[in-house]
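*Asks:* Any chance you could fold what I've pasted below:
(one chain, ligands or ions: 1)
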Amino acid sequence: MATHSQTLSTLVDGILRGGIRVVDLTVPLESATPTIQLPPPFAPSKPFSLEEISHYDERGPAWYWNNIACGEHTGTHFDAPIHWISGRDLPNNATDTIPVQHLIGAACVIDCSAEARADADFLLTTHRATDPSVPDIMQIKNTANRAADESVTARFTSASGCTSA
Ligand SMILES: [Zn+2]
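*Replies:* The predicted structure is shown next:
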């Protein structure tokens with residue numbers, strides 16, 4: 001049986017040599033990045049904004065950096081339990097306290113890249129849709145015979161320009 005050190009070495013070696021393919025599922029932030037908007041009287045989220053501080057110029061001759069602003073729930077992110085009132089009182093419920101072991105595990109990646117390319121408003125639901133042609137996450141996981149206890153479900157839309165394997 002491999003030790004944890006050997007397992008980690010195998011993983012790193014696979015990534016470096018290309019035997020393990022790493023797929024970046026993140027989407028770059030830009031001013032057009034959609035943000036969740038709630039109806040009044042609930043407080044709104046700011047859209048993403050980027051303000052240049054310096055760009056190898058008199059404001060900073062050897063460096064380029066920016067100020068950024070946006071709501072926490074903008075672009076690619078995960079919602080820590082504290083985000084919802086149902087997780088408000090859980091221990092280690094914030095992004096800086098959640099155990100890292102909770103963020104690593106088997107994942108079911110649902111490739112929606114074709115649907116997202118065909119329809120920018122493509123909607124993947126978490127519940128059984130009334131329209132049987134609209135897929136939902138559980139239906140896809142069941143079809144793929146994926147374990148219901150997989151802790152991570154990722155939606156791949158290819159929005160950032162990368163393609164699936
Ligand atoms: Zn969120």
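*Asks:* Would you mind listing the buried residues in the helix ranked longest in the chain?
*Replies:* Assignment by DSSP state H gives helix 4-17 as the longest helix of the chain. Residues of helix 4-17 include none that count as buried (16 or more other CB atoms under 10 Å). To be clear about C-beta, it is placed using only N, CA and C from the backbone, and glycine gets the same treatment.
*Asks:* contact partners of the very next helix or strand once past it?
*Replies:* Moving toward the C-terminus from helix 4-17, the next helix or strand (DSSP states H and E) is strand 49-57. By CB atoms under 8 Å, 6 or more residues apart in numbering, the residues outside strand 49-57 that reach it are 29, 31, 59-70.
*Asks:* Swap in 6 Å and give it another go.
*Replies:* Contact with strand 49-57 is made by 60, 64-69, as judged by CB atoms under 6 Å, 6 or more residues apart in numbering.
*Asks:* Would you pull up how far it lies from the middle of the chain?
*Replies:* Computed by CA atoms, centre = their mean, to the nearest Å, the chain-centroid distance of strand 49-57 equals 26 Å.
*Asks:* got it, and stretch 101-112?
*Replies:* 10 Å.
*Asks:* Send me it as CSV with only the CA atoms.
*Replies:* Listed next in CSV are the C-alpha coordinates belonging to stretch 101-112 (Å, rounded to 0.1, in the frame of the first residue of the first chain):
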residue,chain,number,x,y,z
GLN,A,101,-10.2,18.0,3.6
HIS,A,102,-13.8,19.1,2.8
LEU,A,103,-12.6,20.6,-0.4
ILE,A,104,-10.8,17.5,-1.8
GLY,A,105,-12.6,14.5,-3.0
ALA,A,106,-14.2,12.6,-5.8
ALA,A,107,-16.1,14.9,-8.2
CYS,A,108,-18.7,14.5,-10.8
VAL,A,109,-17.9,16.9,-13.6
ILE,A,110,-20.9,17.6,-15.8
ASP,A,111,-19.9,18.7,-19.2
CYS,A,112,-22.3,21.4,-20.4
